[in-house]
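1. below is the sequence, then the predicted model.
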Amino acid sequence: MATSQPNLYSFPNTEALAKQLRSYVLRCQNAALTRHDTFRVAVSGGSLPVVLAKALLAESNGSPEDTPQFSKWQIFFADERAVPLDDKDSNYLLLKDELLSKIPAELGAPTVHPIDEKHVHDGDTQALADVYQEDLMRSFAAKESVKLPVFDLILLGCGPDGHTCSLFPGHELLREKDAWVAPETNSPKPPPKRITLTLPVVTSALNIAFVATGGGKKEIMKAIFDNEEGRSLPSALVNHGAGDKVSWFTDHPAVEGIAFPRRGSL
Ligand SMILES: O=C(O)[C@H](O)[C@@H](O)[C@H](O)[C@H](O)COP(=O)(O)O
C-alpha cells in the first residue's frame, strides 16, 4: 500500500479539464521518451476516448514539449470487451473513431495493440486474455525477467459503482496477484465478456490518471475519497496501491461536497 495520497484535480468544464490532461499526458510522454524512447500507454473505454481526443487533437503551441509524438506511442487497452473490433461495443473502435482516425499525418501513427479476434469468435475469454498478456510480454520483455509490466501511463475511467478497467466491486479478480491480463465473463456492465488489466499491473504503472466527470459521479467520488466503506472499491484500491502516482481529472459537479479537491491547474 502506498503511503502518499492521490492527486485530485477539478475543473469547471471539460474544455479546461482536457487542456490540463493534455499537459499531463505530454509530460508523461516526454519523460518516457527520455527514459526509453517509447511511450507505453493503456487506455479505457467509456467517456475517456472523447476527452482524450479533445486533449490530444488540440492545436499545439509549437514547442516540442507540447507535441504528441504518436509514432513513438504503443497503445494498449486497459480493458476491452470480447466483441469484434468493428462492433459498436468495442473500445478499440471507440478509440479509433474518436482519436486514431483523426490524428494528422504529420504527427505520426501510434502502434496500437487491439485484442486478437480469434478468441472472440470461439468464445474463449480466458484464451483472449492469455493472448493479450502474451502481446504485453513481447512489449515489456519476457515475463520470466519482468514480474509486472510497467506502463508509462494508464488512463482510466470510474464507473458509478466504483469499478475501473473491468475490475468490479467485490469480484475475486481484485485479489489476482500473478496474471497481467484476466478474463471477466459476467460483467455487471454490458457486454458481459471482457478482458482487463489486473490490479497489480495498474498500480505498477509510473503514472495513472482517472477521468471522471458529471454529477452522476458525485456519490461514488465521495465514497472513494471520503468514506471508510469505500476503501474496498476497485478505484479506491488503485488510490491505495499507487498513492501519488494517481491523478484524478474531474469536473466540479463530480466532486461536489468533497472536502479537498485541488482546483485549477496542475
Ligand atoms: O470499457 C469499459 O467499460 C471501461 O473501460 C470502464 O471501466 C469505464 O472506464 C468506466 O465504466 C467509466 O465509464 P464512463 O467514463 O463512461 O463513466
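-> Structure's in. What do you need?
2. contacts for the helix or strand hosting residue 32, please.
-> Per DSSP states H and E: residue 32 is located in helix 14-36. By Cβ atoms under 8 Å, 6 or more residues apart in numbering, the list of residues contacting helix 14-36 from outside reads 9, 11, 38-41, 51-52, 54-56, 58, 65-69, 72-73, 152-153, 155, 206-207, 209, 211, 213, 247, 249-251, 265-266. (Each C-beta comes from the backbone N, C-alpha and C, glycine too.)
3. please indicate which of these are buried?
-> Neighbour-count burial (16 or more other Cβ atoms under 10 Å) is assigned, among the contacts of helix 14-36, to 9, 11, 38-41, 51-52, 54-56, 68-69, 72-73, 152-153, 155, 206-207, 209, 211, 213, 247, 249-251.
4. which of those residues fall in strands?
-> 9, 11, 39-41, 73, 153, 155, 209, 211, 247, 249-251 (DSSP state E).
5. please name the nearest non-neighbouring residue to residue 139.
-> Computed as Cβ to Cβ, 6 or more residues apart in numbering, the closest residue to residue 139 that is not its neighbour in sequence is residue 74, at 6.0 Å.
6. pLDDT wise, what is that neighbour at?
-> For residue 74, the model assigns a pLDDT of 98.
7. just residue 263 next, same as before
-> Value for residue 263, per-residue pLDDT: 54.
8. who's in contact with the residue positioned nearest the centre of the chain?
-> Geometric centre of the chain, nearest residue: residue 155, 2.5 Å, by Cα atoms, centre = their mean. When contacts are counted by Cβ under 8 Å, 6+ apart, residue 155 touches 25, 41, 42, 43, 44, 48, 52, 78, 209, 211.
9. next, format the residues you listed as a markdown table and append distance to residue 235 and pLDDT.
-> Converted to a markdown table, the contacts of residue 155 look like this (distance: Cβ to Cβ, whole Å; pLDDT from 0 to 100):
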| residue | distance to residue 235 | pLDDT |
| --- | --- | --- |
| 25 | 19 | 98 |
| 41 | 19 | 98 |
| 42 | 15 | 98 |
| 43 | 16 | 98 |
| 44 | 11 | 98 |
| 48 | 13 | 98 |
| 52 | 18 | 98 |
| 78 | 12 | 98 |
| 209 | 12 | 98 |
| 211 | 12 | 98 |
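10. tell me the one of these nearest the ligand?
-> residue 44 (3.4 Å; Cβ to the nearest ligand atom).
11. let me see the ranges of the helices in the stretch 151-266 of the chain.
-> Ranges of helices within the stretch 151-266 of the chain are 199-204, 218-226, 234-242, 252-255, based on DSSP state H, counting those that start in this stretch.
12. ok, which of those comes nearest residue 110?
-> Closest of the helices of the stretch 151-266 of the chain to residue 110 is helix 199-204, at 19.9 Å (criterion: Cβ to Cβ).
13. which ones are touching the residue nearest to residue 139?
-> Listed by Cβ under 8 Å, 6+ apart, the contact set of residue 74 reads 38, 39, 40, 41, 110, 111, 113, 139.
14. and the pLDDT for the closest residue to residue 3 other than its chain neighbours?
-> Once flanking residues are discounted, residue 3 sits nearest to residue 243: 6.5 Å by Cβ to Cβ, 6+ apart. If you check residue 243, the pLDDT there is 94.
15. any idea how far residue 243 lies from residue 258?
-> 18 Å (Cβ to Cβ, to the nearest Å).
16. quick check: residues of the stretch 1-150 of the chain near the ligand?
-> Within the stretch 1-150 of the chain, the positions near the ligand by Cβ under 6 Å from any ligand atom are 44, 45, 46, 47, 48, 79, 91.
17. return the member of the contacts of residue 155 nearest to residue 165.
-> Looking across the contacts of residue 155 and measuring by Cβ to Cβ, the closest to residue 165 is residue 78, at 4.8 Å.
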